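> The sequence and its predicted three-dimensional model are supplied below.
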Amino acid sequence: ELDGVPAGKHKVEFYFPGYVNQVNEIDVASGQVVHIDVSLQPEAGTLILIVLNVLLNLAGLVAIPFVGWFVYSKWRREGKDKDMPQTIIPLYSPPEGVAPYLLGSIKDEKVDFQDVTGSIIDLAYRGYIKIKEVTPNTNYSLHRQEPGAKAKPLNEIESQLMTDLFGDNDEVETKALGLTFALKYKMLEKKIYQEMVTKGYFTKSPEAIRNKFYGYGIGLFILGIAGVIGTGILGAATLGIPGPVLLGLALVVFGLGYLGVAPHMPAKTSLGSKTFADILGFKMYLHTAERFRLQKLGPDEFERYLSYAVVFGIEKEWAEKFKDIYTGQPEWLESSNVNTLTDIYWISRFSRGFSQSMTTSVMSSGSGSARGSGWTSGGGSFGGFSGGGGGGGSRGAF
């Protein structure tokens, strides 16, 4: 559209890089507004680039569903638990040799701080620690103890946990753990992941596998966004049309796919799947109502498995089973109000409060190490004794 051009005949040249110039002659009367429609023809080199741009966009369009299929296939090949039992049966004790921290780590393929807290309660039950309530639900003191001769020996991780908690001292308050324990906890976390591999539950560390796919996902996503923006701008500048943005969009979808499957890529071995099925069976035993009425239960069983109930996040439900059986108080636990120890529900509340106080202390250090368990708050019930096998990471709340 030309406006304000002097009356008379004029030659107007239209050009754009990569296109053949075009000259139009116009005759403009005084006060006339002239509209000129021009379609420039691309040069040979530009025509090749346009055809290539179309082909690349078509390739990107085809690649979008292909990368979705590829990511799904990769999860099917690498992320599925091996030989997962199709039927879950109740187990009246934890799997042999599986401490609370290890049970919690296998169940959701993550080393959560609540798993470690469960093991601290287990160490207290076994006589290695005495827990004293300083401020209800917010601060507790841990005291190193000499266990009895019949106490179950510490394994390597438990010995490391005792050292990380106490160092050269015999007493520590949870509110004082802070950054010092948080840094040590990161090393302990890595050792637990390594134990999961060493004992044959996984072929590689679940954390390392997740991080690998998160890394791939982030890298592909960033590359794809850069490709969409870069090719769009470059195409507009050189061809007058957007470049092969669909190819960049395919990379974005690829990256999002990897980010989506990353939590589900750790896959258990046959031994890991069997152990996981046993863990589900043990949780079924701890959680399902009325099964306990068929057995001769004593107070010791409540304390023995309290740490596992904490790991599962069902300590309240576990206490419920013993409301008419447990009337004493744990030797390893000391409250500021002794009378509350006769209330079985107080012990379950203590368990949750103690776990929260430990987590809060470490998180307040800014380390970001303390992650909540995926099974906290004990959602739902099994509703039966059969369950299906699942792929790595596809857990949900039981």
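Structure received.
> show me where this protein has helices.
Along the chain, counting by DSSP state H, helices occupy 44-78, 100-108, 113-125, 156-166, 178-198, 206-238, 245-261, 270-287, 299-312, 315-320, 344-363.
> I'd say Phe14 and Asn24 touch.
Yes: counting by Cβ atoms under 8 Å, Phe14 does reach Asn24; the two are 7.1 Å apart. Where C-beta positions appear, they are placed from N, C-alpha and C, glycine not excepted.
> and of the helices of the chain, who's closest to Ile131?
helix 113-125 (5.3 Å; Cβ to Cβ).
> got the angle for that closest one vs helix 178-198?
Interaxial angle of helix 113-125 relative to helix 178-198 (axes from the mean of the first three to the mean of the last three Cα atoms, to 10 degrees): 90 degrees.
> Tell me the confidence at the closest residue in space to Ala262 that isn't next to it in sequence?
In space, and not counting its chain neighbours, Ala262 is closest to Phe213: 3.8 Å by Cβ to Cβ, 6 or more residues apart in numbering. At Phe213, the pLDDT value in this model is 96.
> quick one: contacts for Phe213?
Contacts here follow Cβ atoms under 8 Å, 6 or more residues apart in numbering; on that basis Phe213 touches Tyr258, Leu259, Val261, Ala262, Met265.
> how far away is it from Asn24?
Remark: distance between Phe213 and Asn24 (Cβ to Cβ, to the nearest Å) = 58 Å.
> that older thread, quick check: of the contacts of Phe213, which lies closest to Ala99?
Closest to Ala99 out of the contacts of Phe213 is Met265 (25.3 Å), distances taken as Cβ to Cβ.
> count of neighbours near the closest one?
By the criterion of other Cβ atoms under 10 Å, Met265 has 23 neighbours.
> from what I can see it touches Glu78, true?
Yes: contact criterion Cβ under 8 Å: Met265 and Glu78 qualify, at 6.4 Å.
> Could you tell me which residues touch both of Phe14 and Asn24?
By Cβ under 8 Å, 6+ apart, Phe14 and Asn24 have these common neighbours: Val38.
> Any stretches of the stretch 51-200 of the chain with poor pLDDT?
Across the stretch 51-200 of the chain, residues meeting the criterion (pLDDT under 70) sit at 137, 179.
> change it to 80
51, 53, 135-139, 149, 177-180, 182 (pLDDT under 80).
> for the stretch 201-350 of the chain, same thing?
Residues of the stretch 201-350 of the chain meeting the criterion pLDDT under 80: 232, 234-243, 287-299, 319-329, 335-350.
> Try it again at 50.
Filtered on pLDDT under 50, the stretch 201-350 of the chain yields the residue ranges 289, 291-294, 341.
> List the contacts of Glu303.
Tyr125, Pro330.
> Going forward, the N-terminal residue is numbered 29.
Got it, first residue is 29 now, which makes that one Glu331.
> Please tell me how far it sits from Asp150.
According to Cβ to Cβ, Glu331 and Asp150 sit 10 Å apart.
> go on, Ile250?
Between Ile250 and Asp150 the computed distance is 44 Å (Cβ to Cβ).
> More neighbours: which of the two?
Neighbours per residue (other Cβ under 10 Å) separate Ile250 from Asp150, with Asp150 holding more: 24 against 13.
> Just to check, that one is in contact with Ser335?
Yes: with contact defined as Cβ under 8 Å, Asp150 reaches Ser335; the gap is 3.7 Å.
> any shared contact partners between these two?
Common contacts of Asp150 and Ser335, defined by Cβ under 8 Å, 6+ apart, comprise Pro128.
> before we move on, the earlier item: dump the helices of the chain into CSV; add distance to Asn167 as well.
Below are those laid out as CSV (distance: least, Cβ to Cβ, whole Å):
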stretch, distance to Asn167
helix 72-106, 44
helix 128-136, 22
helix 141-153, 14
helix 184-194, 15
helix 206-226, 12
helix 234-266, 30
helix 273-289, 39
helix 298-315, 28
helix 327-340, 18
helix 343-348, 19
helix 372-391, 6
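> Gln357: which of those helices is closest?
Across the helices of the chain, Gln357 has its closest neighbour in helix 372-391 (8.2 Å, Cβ to Cβ).
> residues in contact with Leu274?
By Cβ under 8 Å, 6+ apart, Leu274 lies in contact with Leu84, Asn85, Leu86, Ala87, Gly88, Leu89, Ala91, Ile92.
> Would you mind giving me the PyMOL syntax to select the buried ones in these?
Selection command for PyMOL covering only the buried members of the contacts of Leu274, criterion 16 or more other Cβ atoms under 10 Å:
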select buried, resi 84+85+88+91+92
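> No more questions from me, cheers.
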